[in-house]
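*Asks:* any chance you can model this:
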Amino acid sequence: MFERIISARLIDDFKQYLYEEEKSTATIEKYLRDVRKFASYAKGTPVDKKATLSYKEELSKEYAAASANSMIAALNAFLRFAGWSDACVKQFKIQHKAYCTEEKELSRQEYERLVRTAGKAGNHRLNLMLQTICGTGIRVSELKYITVEALEHGQAHVKCKGKHRVIFIVPELRRKLGSYVKKAGIREGAVFVTKSGKPVNRSNIWREMKNLCHEANVDPVKVFPHNLRHLFARVFYGLEKDIAKLADVLGHTSINTTRIYIATTGVEHRKKMEMMKLIL
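*Replies:* Now for the predicted structure:
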């Protein structure tokens, strides 16, 4: 049992393993952070099922189930890597939510106000970033794949988490971005870059989006890059009603993940129930 101690060397080996598994940088950092948190909790004592169950109980007191589950997933991955699978613990059961809260759902009208507000403020880069994310459904981290070369071909090739998919750039967006790069003097590489020429990152976009909220009359709680991807998903699904195809477009491995994206506030469902006239 003395060998089942989490050492810095073991964590470094796990990091190398994750890298070789082609996990994203963000995923690797999160897994290592979660493993170190458990190591701090264990305080150099042997790792067994009793220890991990006790840790799971502590997580339930400090975090929401979804957050705790993500930490358990990271810990279990580490335990399996170390050959200590018998110490793995089950995640918390979470009931699937059929609807999302209305307070957090970004509507199409609110999205349009954000886009127009960015345009009126003369922030053409932000105006087009909003339209690009919402018009293609890409993740904010994938904006770097929207390049001058991609515009020439009308599609971007995205590589994320060891997977590859093609993102189509519709003619109207292609025209707008083409005009933008021409005026900005961008001849190659990423379309959206900072003053230093580096691709914009999540924090750049998040901060600029939040600055639009007051003028656009949109609740800041609803305004973040990933909500644009959710809006794309709901509109796409509304046209196609094909969740498998939507999962492919979004780059999801599991349809269960896609279900979260198309959850609505339930307003339409309530209207249809009222139209049934079953209450006499």
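*Asks:* ranges for the helices of this structure?
*Replies:* When secondary structure is read from DSSP state H, the chain shows helices at 8-20, 25-42, 49-62, 65-82, 108-120, 124-136, 148-153, 171-184, 202-210, 213-216, 225-240, 243-250, 255-261, 267-275.
*Asks:* give me phi/psi at Glu21?
*Replies:* For Glu21, the backbone dihedrals (degrees, to the nearest 10) come out as phi -80, psi 0.
*Asks:* from Asn127, how far off is Gly189?
*Replies:* Going from Gly189 to Asn127 by Cβ to Cβ, to the nearest Å gives 20 Å. (Glycine included, C-beta is placed from N, CA and C.)
*Asks:* okay, the two: which has more neighbours?
*Replies:* When neighbours are counted by other Cβ atoms under 10 Å, Gly189 and Asn127 differ, and Asn127 comes out ahead with 21 against 14.
*Asks:* doesn't Arg113 make contact with the more buried one?
*Replies:* No - proximity of Asn127 to Arg113 does not meet the contact threshold set by Cβ atoms under 8 Å, at 12.0 Å.
*Asks:* give the contact list for the residue nearest to Ala74 when sequence neighbours are not counted.
*Replies:* Nearest residue to Ala74, sequence neighbours excluded (Cβ to Cβ, 6 or more residues apart in numbering): Asp34, at 3.7 Å. By Cβ atoms under 8 Å, 6 or more residues apart in numbering, the contact list for Asp34 reads Ser70, Met71, Ala74, Leu75.
*Asks:* now for the residues you listed: which two are most distant?
*Replies:* Taking Cβ to Cβ as the measure, these reach their widest spread between Ser70 and Leu75, a distance of 9.9 Å.
*Asks:* these two: who's more crowded?
*Replies:* Neighbours of Ser70 and Leu75, each counted by other Cβ under 10 Å, are more numerous for Leu75; the result is 24 against 15.
*Asks:* measure the closest residue in space to Ile28 that isn't next to it in sequence to Gly238 for me?
*Replies:* What sits nearest to Ile28 in space, not counting adjacent residues and going by Cβ to Cβ, 6+ apart, is Leu18, at 4.7 Å. Remark: distance between Leu18 and Gly238 (Cβ to Cβ) = 38 Å.
*Asks:* thinking again about what came up before, correct me if wrong: the residue nearest to Ile28 contacts Thr27.
*Replies:* Yes - if you go by Cβ under 8 Å, Leu18 and Thr27 touch, sitting 7.2 Å apart.
*Asks:* between the two, which is the more surrounded one?
*Replies:* Remark: of Leu18 and Thr27, Leu18 carries more neighbours, 21 against 15, as counted by other Cβ under 10 Å.
*Asks:* dump the residue contacts of the more buried one.
*Replies:* Going by Cβ under 8 Å, 6+ apart, the list of residues near Leu18 reads Thr27, Ile28, Tyr31, Leu32.
*Asks:* just among the residues you listed, which is most surrounded?
*Replies:* Neighbours here are counted as other Cβ under 10 Å. On that basis the top member of the contacts of Leu18 is Tyr31, with 24 neighbours.
*Asks:* check what pLDDT it gets.
*Replies:* Tyr31 carries a pLDDT score of 96 in this model.
*Asks:* for it, what are its contacts?
*Replies:* Contacts of Tyr31 were listed using Cβ under 8 Å, 6+ apart, and they are Phe14, Leu18, Lys23, Ala74, Ala77, Phe78.
*Asks:* what number of residues lie near the third one?
*Replies:* In other words, Lys23. By the other Cβ under 10 Å criterion, the neighbourhood of Lys23 contains 18 residues.
*Asks:* from memory Tyr145 sits against Ile138, does it?
*Replies:* Yes - applying Cβ under 8 Å as the test, Tyr145 and Ile138 come out as touching, 7.4 Å apart.
*Asks:* more crowded one of those two?
*Replies:* Of the pair Tyr145 and Ile138, Ile138 is the one with more neighbours under other Cβ under 10 Å, namely 26 against 20.
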